[in-house]
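Pasting the sequence and the predicted coordinates here, then a few questions.
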Amino acid sequence: MLENKGKVYLLGAGPGDPGLLTLKARDLLSEAETVVYDYLANTRFLDFCRPDAELIYVGKQGGAHTLSQGAINDLLVAKAKSGKRVARLKGGDPYVFGRGAEEAEELLAAGVSFEVVPGVTSAVAGPAYAGIPLTHRQFASSVTLITGHEDPAKKESAHDWEALARSGSTLVFFMGVKNLELITDNLIKAGLAPETPAALVRWGTTCEQESLADTLSGITTLARSRNMKPPALLVVGQVVALRDKLNWFEQRPLLGKGVVVTRAREQASTLLRLLEDSGACCYEFPSIAIRSMPEYSRLHAAFERLDSYDWLIFTSVNGVRIFWKELRACGLDSRRLGGCSVAAIGPATAEALQKNGITPDFVPRRYVAEEVVQGLQELGVNKARILIPRAEQAREVLPEALQAAGAEVEVLPIYTTQPAEASGTEILERIAEGRVQFITFTSSSTVSNFFQLVSPGDLQAFVPGKVKLACIGPITGRTLESFGFQVDLQPEEYTIPALAQCLIHSSPPC
Ligand code: SAH
């Protein structure tokens, strides 16, 4: 637990892959009142922060400092002295070319207590994700971490190049892209064989990872021809030769592909996770936000007479989530559903029910309202009393068709969907920069909400061709068509995992 007194936590944010943040850093971030973070720290970590945390970006992109180191030190001291618990989040490890020690010394001098939480340094993780182990019994028994950021005009180099060349060590240079030629020349002049394998790893462990390998004498030309920019690491040594065999991460099918995920933030995680596991760079565009209803007296009354319904139909994960939240708030649990049959419109909804201990009696083979009606008709809905707790804005197809089949239907809105605050201009900018290859739509409302924020005319310029539009199913597809667009990708099965697969294959039948 954190103390009440002001204190600074120097936290390593890891190399970029959000999964490489330590548990300790995550816990401290979630408790901090002030968070001071750098350019290389993944901003997704800010989601762990308290909603009332003060977030301060202090930049530092290749020397373009938003705040000078002195000003950062002063800021940390001042915040801690005002009693704040400060998380100082730094890319990689704070003590590996991170100026963490300077900050710690300043804090000590100012009488501010501090702790260090080491992070996974990019020096280890970047090469590992590019298929380069830093040591290997056959090829290298030591590793040297070196700054490549020396001023080329300096007469005396801080490095003993002969010693580095002789060491047989794997050499990892940070901040070396600008001085690449100087570094490789110095190593060759100092006696390292020009044919020694060398690699550059850029944005290691992130969806933008790129690596390339050549010899020590060839790497500069190759890097120039590929327009390699910082942040990147230069790795020199025999271990680099293993990259051909061990380069696992760059095999991911969607690596570097940009995907706009238009789901409500509350439910974006499954699609996001599936796409990111395949290497995609996801841009969350939470085009709808789920909001509770102002009050739930109708739902609470329905809880009292659940036995009087024959069927309870859930149409979304959110519906299940909110239903059970209210059920629990009333001091009740799943046993209330003992007297009626339960249907789930899709597998994700069915899974959400399972998590609450309910195995649905009916899940349609395909996940559109029309099929649900047909399936329920087969089970006999004539004269059945049906309760459908769902979104306020849902389509009427399902209740109307059930009524037509002779059922007595009660629709109960238990949440509303609203366009979320999200910047349409930002997404259009990313599209214009060529960073977006797919836009995904997972319901009709994600389509209409998307086009409330992005004008169809603006998007037209990029389709077809640059950007592919993917829809979860035909109803969503029809809504997209009503805005004047064609559906490029649609899975055969209307589920989130099938949609993700569709993007991965990006070819028919999708
Ligand atoms: N403390 C950090 C290093 C900060 S110095 C760490 O432990 O990783 C900044 C340099 O680190 C960059 O110029 C680049 O050389 C390297 N770097 C940081 N993150 C990187 C990444 N994801 N991929 C490649 N290089 C990275």
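Yep, that arrived.

sec struct for Ile313, please.
Put simply, Ile313 is strand when judged by DSSP: H, G, I helix; E, B strand; the rest coil.

Kindly apply the preceding question to Leu200 instead.
Leu200 falls in the strand class when you classify it by three-state DSSP.

Just the pLDDT for it.
Here, the pLDDT recorded for Leu200 equals 98.

tell me the contacts of it?
177, 180, 211-213, 219, 223, 228, 232-235 (CB atoms under 8 Å, 6 or more residues apart in numbering). For glycine as for every other residue, the C-beta is placed from the backbone atoms N, C-alpha and C.

In strands, which of those residues fall?
211-213, 232-235 (DSSP state E).

show me which of those residues neighbour the ligand.
232-233 (CB under 6 Å from any ligand atom).

what pairs with the residue in the stretch 1-150 of the chain positioned nearest to the ligand across the strands?
Residue nearest to the ligand within the stretch 1-150 of the chain: Gly92 (1.9 Å; CB to the nearest ligand atom). Beta-bridge partners recorded for Gly92 (DSSP bridges): Gly14.

Quick check: it touching Gly126?
No. Gly92 is not in contact with Gly126 according to CB atoms under 8 Å; the separation is 9.0 Å.

Check which element follows the helix-or-strand element of the chain with minimal mean pLDDT along the chain.
Every helix and strand of the chain was ranked by mean pLDDT, DSSP states H and E. The lowest is strand 64-65, at a mean of 60. Next helix or strand after strand 64-65 toward the C-terminus (DSSP states H and E): helix 69-81.

Quick one: distance of the very next helix or strand once past that following helix to the chain centre.
Using DSSP H and E, the helix or strand that follows helix 69-81 in sequence is strand 85-90. Distance of strand 85-90 from the chain centroid (CA atoms, centre = their mean, to the nearest Å) equals 21 Å.

before we move on, the earlier item: nearest to Trp311, of the ones in strands among the contacts of Leu200?
Ser211 (55.6 Å; CB to CB).

ok, the closest one - contacts?
Here Ser211 is in contact with 130-131, 199-202, 204, 243, 247, 250 (CB under 8 Å, 6+ apart).

Now rank the residues you listed by neighbours and give me the top one.
Using other CB atoms under 10 Å as the neighbour test, those are led by Val201, with 31 neighbours.

who's in contact with it?
Val201 makes contact with 126-127, 129-130, 132, 209-211, 232-233, 235 under the criterion CB under 8 Å, 6+ apart.

Now distance to Ala101 and pLDDT too, for those, in a markdown table please.
Below are these laid out as a markdown table (distance: CB to CB, whole Å; pLDDT from 0 to 100):
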| residue | distance to Ala101 | pLDDT |
| --- | --- | --- |
| Gly126 | 22 | 98 |
| Pro127 | 24 | 98 |
| Tyr129 | 27 | 98 |
| Ala130 | 28 | 98 |
| Ile132 | 27 | 98 |
| Gln209 | 28 | 97 |
| Glu210 | 31 | 96 |
| Ser211 | 29 | 97 |
| Ala232 | 24 | 97 |
| Leu233 | 21 | 98 |
| Val235 | 24 | 98 |
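
Now that we have these, which of them are buried?
126-127, 129-130, 132, 209-211, 232-233, 235 (16 or more other CB atoms under 10 Å).

and the closest residue to the ligand within the stretch 401-510 of the chain, what element?
Going by CB to the nearest ligand atom, the ligand is nearest to Arg435 of the stretch 401-510 of the chain, at 17.6 Å. Take DSSP H and E as the rule and Arg435 turns out to sit in neither a helix nor a strand.

ok, for it, nearest residue in space, not its chain neighbours?
Leaving aside its chain neighbours, Arg435 sits nearest to Gly258 (4.5 Å; criterion: CB to CB, 6 or more residues apart in numbering).

pretty sure that neighbour is in contact with Cys281, am I right?
Yes. Using CB under 8 Å, Gly258 is in contact with Cys281, at 4.9 Å.

about what we covered before: number of residues surrounding the residue of the stretch 401-510 of the chain closest to the ligand?
Using other CB under 10 Å, Arg435 has 16 other residues around it.

Same question for the one 10 residues further on.
The number of residues packed near Ser445 is 22, by other CB under 10 Å.

now do Leu107
21.

Strands along the stretch 201-350 of the chain, start to end?
With DSSP state E, counting those that start in this stretch as the criterion, the stretch 201-350 of the chain has strands at 210-215, 232-236, 258-262, 281-284, 288-292, 311-314, 341-344.

what sits against Ser30?
By CB under 8 Å, 6+ apart, the contact list for Ser30 reads 48-50.

So it, which state does it fall into?
helix.

One more: Leu11?
Going by three-state DSSP: Leu11 is strand.

Could I get the full set of helices for the stretch 251-400 of the chain?
For the stretch 251-400 of the chain, the helices defined by DSSP state H, counting those that start in this stretch cover 269-277, 297-304, 317-329, 347-355, 369-379, 397-404.

The ligand contacts on the stretch 51-200 of the chain?
Residues of the stretch 51-200 of the chain lying near the ligand (CB under 6 Å from any ligand atom): 90-93, 96-98, 121-123, 126, 174-175.

Specify which member of the contacts of Ser211 is nearest to Gly375.
For those, the nearest to Gly375 is Glu250 (44.5 Å; CB to CB).

Contact partners for that closest one?
129-131, 209, 211.

if we go to 7 Å?
Contact analysis of Glu250 by CB atoms under 7 Å, 6 or more residues apart in numbering lists 130, 209, 211.

quick one, phi/psi of the residue nearest to the last one when sequence neighbours are not counted?
Spatially, and ignoring its direct neighbours in sequence, Ser211 is nearest to Ala130 (3.9 Å; CB to CB, 6+ apart). Its backbone dihedrals place Ala130 at phi -100, psi 10, with angles given as degrees, to the nearest 10.

Verify the contact between Ala130 and Gly204 for me.
Yes. Shown here, Ala130 and Gly204 form a contact pair, counting by CB atoms under 7 Å, at 6.3 Å.

Same question for the helix or strand where Phe451 lies: list its buried residues.
Assigned by DSSP H and E, Phe451 belongs to helix 444-453. Buried residues in helix 444-453, defined by neighbour count with 16+ other CB under 10 Å: 444-451, 453.

Kindly report the same for stretch 44-62.
Buried residues in stretch 44-62 (16+ other CB under 10 Å): 45, 48-49, 53, 56, 58, 60.

so which pair among these is furthest apart in space?
By the measure CB to CB, Phe48 and Lys60 form the most distant pair in the buried residues of stretch 44-62, at 21.5 Å.

What does the pLDDT read for Pro286?
68.

Over to Val86?
Here the pLDDT value assigned to Val86 is 97.

Quick one: residues contacting it.
Contacts of Val86 were listed using CB under 7 Å, 6+ apart, and they are 8-9, 32, 34, 36, 76, 79-80.

As a markdown table, the residues you listed with distance to Leu398 and pLDDT would be great.
Below are the contacts of Val86 laid out as a markdown table (distance: CB to CB, whole Å; pLDDT from 0 to 100):
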| residue | distance to Leu398 | pLDDT |
| --- | --- | --- |
| Val8 | 55 | 98 |
| Tyr9 | 51 | 98 |
| Ala32 | 46 | 95 |
| Thr34 | 49 | 95 |
| Val36 | 51 | 94 |
| Leu76 | 57 | 96 |
| Lys79 | 54 | 96 |
| Ala80 | 57 | 96 |
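
my guess is Lys90 meets Phe45, correct?
No. With contact defined as CB under 7 Å, Lys90 does not count as touching Phe45 (11.4 Å).
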